[in-house]
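In: Sequence first, predicted model second:
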Amino acid sequence: MKPKTIIEPFKIKSVEPIKFTTREEREKLLIEAGYNPFLLRGDDVLIDLLTDSGTSAMSSKQWAGIMNGDEAYAGSKSYYRFEEAVNKITQMEHIIPTHQGRAAEKILFSIVGGEGKYFPNNTHFDTTRANIEFSGAVAEDLLTEVGKHPEERADFKGNMDVEKLEKFIKQKGVENIPLCMITVTNNSGGGQPVSMQNIREVKKVCEKYSIPLFLDACRFAENAYFIKLREKGYENKSVLEIAQEMFSYADGATMSAKKDALVNIGGFLAMNDDELAMQCSNLLIVTEGFPTYGGLAGRDLEAVAQGLEEVVDEHYLEYRIKSVEYLGNKIVDAGVPIIEPPGGHAIYIDAKRFLPNIAPDKYPGQAIVCELYLEGGVRAVEIGSVMFGKYDEKGKLIPAMMELVRLAIPRRVYTQSHIDYLIEIIIEVYKNRDKLNGYEITYEAPMLRHFTAKFKPLS
Ligand SMILES: Cc1ncc(COP(=O)(O)O)c(C=O)c1O
């Protein structure tokens, strides 16, 4: 018999205590943080679901790799191990290490971006959008229609709308679209996967117009596992084979290794185009470091290489995907509205349905985020009009497409009892939702404002 209980596929060798605080203490701490949990001290958080990025627990083999790191400035053996590990999955010609995902984006879009250029994606992540816009170019989201409806269940809600892509290319002109991207899984759209069929169809359109296709591959392994579970013809393939096929349709990739490489820092740019790779390497030398370390220490490269081997393990991925699903299903059963079905790395609470009486310009997601902290010391993040809202010429807020609260689950960090505690807290906040009020922004930076914004509760 196959046991129904899916266990954490690891033993715990080292533990880190977490600090308990009282509600009164948290009220004070939240005021000091301007009602922005990004500005809290990590130490004052009990369960930290701000991000799954760089928060993974490393394995004993990764820690051993840290000791084995070769810190040679040029040609370090750790680079070659890293290159081999990335190449095994992406099978791309040029592998350029960067200190994290946005550094890869910055280099890429500094070269191919600029005024008059357009970059389509299923949904750009905030740093991708920011790097594109910073170059003067336009970032366009072309998510499939079903992906915009949180309450609808579908297998691949991260897909790109292929028809819209072709229309977009014709409208903006091939010469103005240096590359097209697909983000796997689609973080800003609910951690939803993209099907192999969709990647293939997007590639076909890109090929027709000679536009290179790049993957934003932060969560390639989670995406590949969803394909194995949900897409016909892939059930008997290994996750590695599926990942290799995903990358086979791409001409390049950016990756923040802080997700599916199970490390605390790192990233890379990978591509096949020799000329573009040379330009990227040259810029890397100016901004990150020599091409065999790219802003990382040799030990970090070792940890990435080892993490990439571990992440395609199917016991790990089964535990990963099922534990996120467990959380999602339990809160759905209690009536909490989320993006359905549960995503790969996070649960996204649908703040519009959770708090229908708080308008987007009063930031319902922020109200939930603050209350989760006050109720149980849980830190989550708003992914809605705080993160993606824009202003029109009159200074009126143009709300984001969705108002979400993301509960991102760090990899291999929390056990089932942490998740059960979290479920209790979310349900309690949901029961008391009528008592919640909106927020107003009292300070904001010109870009990526959610990181440093300050808020005031409305009464
Ligand atoms: C889809 C996606 N792309 C890019 C990034 C940026 O990566 P980093 O935080 O390593 O700069 C992230 C980070 O969360 C992401 O989720």
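Out: Thanks, I have the structure now.
In: got the residues of the stretch 201-350 of the chain near the ligand?
Out: D216, C218, S256, K258, G267 (C-beta under 6 Å from any ligand atom). (Each C-beta comes from the backbone N, C-alpha and C, glycine too.)
In: Tell me what the third one is bridged to.
Out: Right, the one you point to is S256. Beta-bridge pairing for S256 (DSSP bridges): G267.
In: check contacts around it.
Out: S53, Q100, G101, R102, A104, C218, G266, G267 (C-beta atoms under 8 Å, 6 or more residues apart in numbering).
In: got these as CSV, with neighbour count and pLDDT columns?
Out: Output for the contacts of S256, formatted as CSV (neighbours: other C-beta atoms under 10 Å; pLDDT from 0 to 100):
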residue, neighbour count, pLDDT
S53, 20, 97
Q100, 22, 97
G101, 27, 97
R102, 19, 97
A104, 32, 98
C218, 27, 98
G266, 29, 98
G267, 29, 98
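In: will you turn these into JSON lines that also has secondary structure?
Out: Output for the contacts of S256, formatted as JSON lines (DSSP: H, G, I helix; E, B strand; the rest coil):
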{"residue": "S53", "secondary structure": "coil"}
{"residue": "Q100", "secondary structure": "coil"}
{"residue": "G101", "secondary structure": "helix"}
{"residue": "R102", "secondary structure": "helix"}
{"residue": "A104", "secondary structure": "helix"}
{"residue": "C218", "secondary structure": "coil"}
{"residue": "G266", "secondary structure": "coil"}
{"residue": "G267", "secondary structure": "strand"}
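In: Can you dump the C-alpha atoms of stretch 161-171 in CSV for me?
Out: Provided in CSV are the C-alpha atoms of stretch 161-171 (Å, rounded to 0.1, in the frame of the first residue of the first chain):
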residue,chain,number,x,y,z
ASP,A,161,-2.5,34.0,-24.0
VAL,A,162,-0.9,32.9,-27.3
GLU,A,163,-3.4,34.7,-29.5
LYS,A,164,-2.8,38.0,-27.6
LEU,A,165,0.9,37.5,-28.0
GLU,A,166,0.7,37.3,-31.8
LYS,A,167,-1.6,40.3,-31.9
PHE,A,168,0.8,42.2,-29.6
ILE,A,169,3.8,41.4,-31.9
LYS,A,170,1.9,42.7,-34.9
GLN,A,171,0.7,45.8,-33.1
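In: Any buried residues in it, and which?
Out: Of the residues in stretch 161-171, D161, V162, K164, L165, E166, F168, I169 count as buried by neighbour count, 16 or more other C-beta atoms under 10 Å.
In: Just the pLDDT at the last one, thanks.
Out: By that I understand I169. Listed pLDDT for I169 reads 98.
In: now do the fifth one
Out: With respect to pLDDT, E166 scores 98.
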